[in-house]
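Enquirer: Curious how this folds, go ahead:
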Amino acid sequence: MISNFVLFSTKVLFRHSLKPHTNLGILRLGRIHSYKNNNKPSIGNIFNNNSRKFHNNRTCLSLVQKTLKEELKEEDNNIVLENEELFPTTLLQEETLKLEQTLMIPKGVSKEFYDHYMEIFNKTLPTTPLHEFPRRGRLNNLIYHIKTREEALLLLKVIPQWRKKLLPITSVTTRLLIIKCCEFNAVDVVFNMLIDRMKYALLPNREGFRLIMLTFANKIIDPTSEDEIHSDNKQEILDNLYKTFGLMEYYDVSQYDAYIYTILISTSLKLNNLDRVDITTSEFLENFDKMILEISPISFNEKEENELKIRNDKFFEYNIESRISRLKSCIEMVNILDKWYTETKQDTKKAESFRNLKENWDNEIKKLQNSSS
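Expert: The predicted model follows:
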């Protein structure tokens, strides 16, 4: 009996579909001949045979398997799979990374915080199914529990993963992040996040920029024992302070704020960087008509405002004491500038401008004090 043309197995078909231009091609037909009385079959006889009979013939199937095995043994070594998505290696790498991350808690990170961090990290991996995503409020909760610089550093890795899963970064997230980083000596962490807007997508407002700049300034003006800043590093901090000021325009936040200019000028004076003082002061006076000193509280939607209240955010920057403190800082700055421009620069016009500012801000303080009594 003469066998039919035989279609290669599904395994062969799939393997060669990855490499369409092999010798076998996507489909290859092989002819299995068995001769009876040494007579070759005619083409008609071949196609008239019943293919169902052939596939039920165990002997023929064994011949097919043997032939395939011999022909594919050599070619298996030459097949190059160019489609890495069909056989991804990232799954194993991510599982290894996940295991390595859980082996040891980093120094300065509490177990409670690290467990919470790893939960978010593992649920935002590229291979995480949609139904296993973390709840939308988990990142805010993680940020709220930051208590060390080392814990803040972990956010540099988990926030981009969170973003890639299209999970939300809100104004509340940004406010909590800025407050915690500034409180626990990690202002450089949130500064680097602000630089890369595409990666972190933070939503800072003017008050957030104020706090970051004030934290940088305090490292120079009123450093604590924890800062231990050498003189070589103070200039770098001043540079970061001015870069933060520049980022305000990048985030479409108005730079015309008297207290922010006070921070810039006072810090430059502390380092005796008089060139920066002169340039910044001139810009301040040129744009004084656009300046504000007092701003209304940050506008949040009702849900965000409730979340901040739950997290004991009292909007301290808007209370009477804080506003008076800012005004006093501004008055101290203009007193120094008045003296400098009068005695050193001999610019009486600018000196007179600073005296007028001092008078206006003194009156503002009196109004605030009367309103609180």
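Enquirer: What segments of the stretch 201-350 of the chain are strands?
Expert: Counting by DSSP state E, counting those that start in this stretch, the stretch 201-350 of the chain has no strands to list.
Enquirer: ok, now the stretch 51-200 of the chain?
Expert: For the stretch 51-200 of the chain, applying DSSP E, counting those that start in this stretch gives no strands.
Enquirer: Where does the prediction get shaky in this structure?
Expert: Residue ranges of the chain with pLDDT under 70: 1-103, 224-232, 292-305, 307, 309, 312-318, 373.
Enquirer: Please parse it into its domains.
Expert: Under the assignment automatic domain parsing, the domains of the chain span 5-76, 89-205, 222-297+319-373.
Enquirer: Secondary structure element for the closest residue to Thr342 other than its chain neighbours, which one?
Expert: The shortest distance from Thr342 to any non-neighbouring residue, by Cβ to Cβ, 6 or more residues apart in numbering, is to Ala351 (4.4 Å). Just so you know, the C-beta spots here come from the backbone N, C-alpha and C atoms, and that holds for glycine as well. Using DSSP states H and E, Ala351 falls within helix 348-372.
Enquirer: Check which residues of that helix are buried.
Expert: 350-351, 353-354, 357-358, 361, 364 (16 or more other Cβ atoms under 10 Å).
Enquirer: ok, now stretch 259-274?
Expert: Using 16+ other Cβ under 10 Å as the test for burial, stretch 259-274 gives 259-269, 271, 273.
Enquirer: next one: stretch 118-136
Expert: Buried residues in stretch 118-136 (16+ other Cβ under 10 Å): 118, 120-125, 133-134.
Enquirer: Export those residues as CSV, with columns for distance to Tyr250.
Expert: Listed next are the buried residues of stretch 118-136 as CSV, based on distance: Cβ to Cβ, whole Å:
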residue, distance to Tyr250
Met118, 33
Ile120, 28
Phe121, 29
Asn122, 33
Lys123, 31
Thr124, 26
Leu125, 30
Phe133, 30
Pro134, 29
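Enquirer: Taking those, tell me the two that lie furthest apart.
Expert: The span of these, defined through Cβ to Cβ, is set by Met118 and Phe133 at 15.2 Å.
Enquirer: what's the distance between the closest residue in space to Cys181 that isn't next to it in sequence and Phe354?
Expert: The shortest distance from Cys181 to any non-neighbouring residue, by Cβ to Cβ, 6+ apart, is to Val190 (4.0 Å). Val190 sits 33 Å away from Phe354, going by Cβ to Cβ, to the nearest Å.
Enquirer: Lys123 too?
Expert: From Lys123 to Phe354 the distance is 56 Å (Cβ to Cβ).
Enquirer: Kindly report the same for Asn370.
Expert: Separation of Asn370 from Phe354 (Cβ to Cβ): 25 Å.
Enquirer: now swap in Gly137 and tell me
Expert: Distance, Gly137 to Phe354, using Cβ to Cβ: 48 Å.
Enquirer: And for Tyr117?
Expert: Using Cβ to Cβ, Tyr117 is found at 49 Å from Phe354.
Enquirer: now Thr342
Expert: Taken as Cβ to Cβ, the span from Thr342 to Phe354 is 9 Å.
Enquirer: Then Tyr242?
Expert: Distance, Tyr242 to Phe354, using Cβ to Cβ: 22 Å.
Enquirer: ditto for Lys199
Expert: Distance of Lys199 to Phe354, given as Cβ to Cβ: 42 Å.
Enquirer: May I see the buried residues of stretch 144-155?
Expert: Residues of stretch 144-155 classed as buried under the neighbour-count rule (16+ other Cβ under 10 Å) are 144, 146, 148-155.
Enquirer: ok, these vs Ala186, which is closest?
Expert: Checking these against Ala186 by Cβ to Cβ gives Ala152 as the nearest, at 3.7 Å.
Enquirer: Contacts only, for the closest one.
Expert: Ala152 sits next to 146, 180-181, 184, 186, 189-190 when contact means Cβ atoms under 8 Å, 6 or more residues apart in numbering.
Enquirer: change it to 7 Å
Expert: Contacts for Ala152 (Cβ atoms under 7 Å, 6 or more residues apart in numbering) come out as 146, 180-181, 184, 186, 189.
Enquirer: do you know how far it is from Val109?
Expert: 10 Å.
Enquirer: Leu271 is in contact with Glu238, correct?
Expert: No, residue 238 isn't Glu; it's Leu. Yes - Leu238 sits in contact with Leu271 when judged by Cβ atoms under 7 Å, with a separation of 5.9 Å.
Enquirer: Find the nearest non-adjacent residue to Glu249, please.
Expert: The shortest distance from Glu249 to any residue other than its chain neighbours is 6.3 Å, reached at Gln255 (Cβ to Cβ, 6+ apart).
Enquirer: I figured Ile265 was touching Thr281, is that so?
Expert: Yes - counting by Cβ under 7 Å, Ile265 touches Thr281, with 6.0 Å between them.
Enquirer: ranges for the helices of the stretch 201-350 of the chain?
Expert: Remark: helices assigned in the stretch 201-350 of the chain by DSSP state H, counting those that start in this stretch are 206-221, 231-250, 258-270, 274-286, 302-310, 320-343, 348-372.
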